[in-house]
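In: I'll drop the sequence and a predicted model, then ask my questions.
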Amino acid sequence: MKRSDFYFILAVLALFLPFALIDPLYAWYNSFNAEHGMVMSFLKFAILSTMGEMLGCRISTGKYVTPSFGILPRMVIWGFLGMGINMAMIIFSKGTPMFLEYMGFENASTLLAAESFSMDKLLVALSVSVAMNTIFAPVFMTFHKITDAHIAEFGGSLKALVTPIPMARRFAELNWNVQWGFVFKKTIPFFWYPAHTVTFLLPPEQRVLFAALLGIVLGVLLAVASKK
């Protein structure tokens, strides 16, 4: 283990241990999260998903940060992406059960909101996950890949945040063999469908945090994709 690994682990512990050890701090987190869900979505994804990409960078390059990585612009973009994910989770967790009821699955909305576990609740959660990851995830993943390339072009500087993205060129430059053949065809059905099924089995106030934690896994998956 390199010295940078030790520093990374130490930073993670320093960031999260206080919330586990100090009850008033954890109570404040729960209160603020309940009152300012979108703000917390921004912060959770800005921190956790950027950490996931740093871990992915470590796997790909041996370093947590490269000259073009751009920690600050990535955190800002991940924050806004996190707000979009929160919005999508609300839309699909409400809309999919309503569609299931429209198709004859009685009490789908009630089942998803129930505290107790049942196979019917699992089926509803799976349906929500499949709908969100089939409709929303490919757009999200593609835009995320485009923003990564945009940040890298500006050497990881904050200038990337105020410069328009040349979308047509970025789409043309994407490695669609990897994007389609690995990211879409493999990670969505084999990882994201089951992972977000678990997400939607959780109480609503815990879903965004769990989804943000999955951003760490996303960083590892993208590192594997980049090696391909």
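Out: Great, that's in hand. Residues are numbered from 1 along each chain as shown.
In: assign the residue lying farthest from the centre of the chain to helix, strand or coil.
Out: Distance from the centre of the chain peaks at Gly104, with 31.7 Å (C-alpha atoms, centre = their mean). Here Gly104 is recorded as coil under DSSP: H, G, I helix; E, B strand; the rest coil.
In: tell me the pLDDT at it?
Out: Looking at Gly104, its pLDDT stands at 94.
In: same check, this time on Asp23
Out: Taking Asp23 on its own, its pLDDT is 89.
In: can you give me how far stretch 83-98 is from the chain middle?
Out: 14 Å (C-alpha atoms, centre = their mean, to the nearest Å).
In: how about stretch 76-86?
Out: Its chain's C-alpha centre and that of stretch 76-86 lie 8 Å apart, by C-alpha atoms, centre = their mean.
In: what do you get for stretch 96-108?
Out: The answer for stretch 96-108 is 27 Å, by C-alpha atoms, centre = their mean.
In: before we move on, what about stretch 66-77?
Out: How far stretch 66-77 lies from its chain's middle: 16 Å, per C-alpha atoms, centre = their mean.
In: span of it from start to end?
Out: The first and final residues of stretch 66-77 sit 18 Å from each other (C-alpha to C-alpha, to the nearest Å).
In: count the neighbours of Val208 for me.
Out: Neighbourhood size, Val208 [other C-beta atoms under 10 Å]: 24. From N, CA and C alone the C-beta is placed, and that goes for glycine too.
In: can you start the count at 70 instead of 1 from here on
Out: With 70 as the first residue, the last one maps to Val277.
In: who touches it in this structure?
Out: Residues counted as contacts of Val277 (C-beta atoms under 8 Å, 6 or more residues apart in numbering) are 106, 109-110, 113, 151, 154-155, 158.
In: make a markdown table out of the residues you listed and add secondary structure, neighbour count and distance to Gly224.
Out: Formatted as a markdown table, these follow (DSSP: H, G, I helix; E, B strand; the rest coil; neighbours: other C-beta atoms under 10 Å; distance: C-beta to C-beta, whole Å):
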| residue | secondary structure | neighbour count | distance to Gly224 |
| --- | --- | --- | --- |
| Gly106 | helix | 16 | 34 |
| Met109 | helix | 21 | 31 |
| Ser110 | helix | 25 | 28 |
| Lys113 | helix | 23 | 27 |
| Gly151 | helix | 25 | 24 |
| Ile154 | helix | 25 | 27 |
| Asn155 | helix | 21 | 30 |
| Met158 | helix | 21 | 34 |
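In: dump these to TSV, plus pLDDT and distance to Gly284.
Out: Formatted as TSV, these follow (pLDDT from 0 to 100; distance: C-beta to C-beta, whole Å):
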residue	pLDDT	distance to Gly284
Gly106	90	17
Met109	93	14
Ser110	93	11
Lys113	92	8
Gly151	93	8
Ile154	94	9
Asn155	94	13
Met158	95	13
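In: can I get those in CSV including distance to Met188?
Out: Converted to CSV, the contacts of Val277 look like this (distance: C-beta to C-beta, whole Å):
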residue, distance to Met188
Gly106, 30
Met109, 32
Ser110, 30
Lys113, 30
Gly151, 31
Ile154, 27
Asn155, 28
Met158, 22
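In: and Ser137, what element?
Out: Using DSSP states H and E, Ser137 falls within no helix or strand.
In: now the one 10 residues further on
Out: With the criterion set as DSSP H and E, the secondary-structure element containing Trp147 is helix 140-171.
In: helix or strand right after that helix?
Out: Next element after helix 140-171 (DSSP H and E): helix 177-182.
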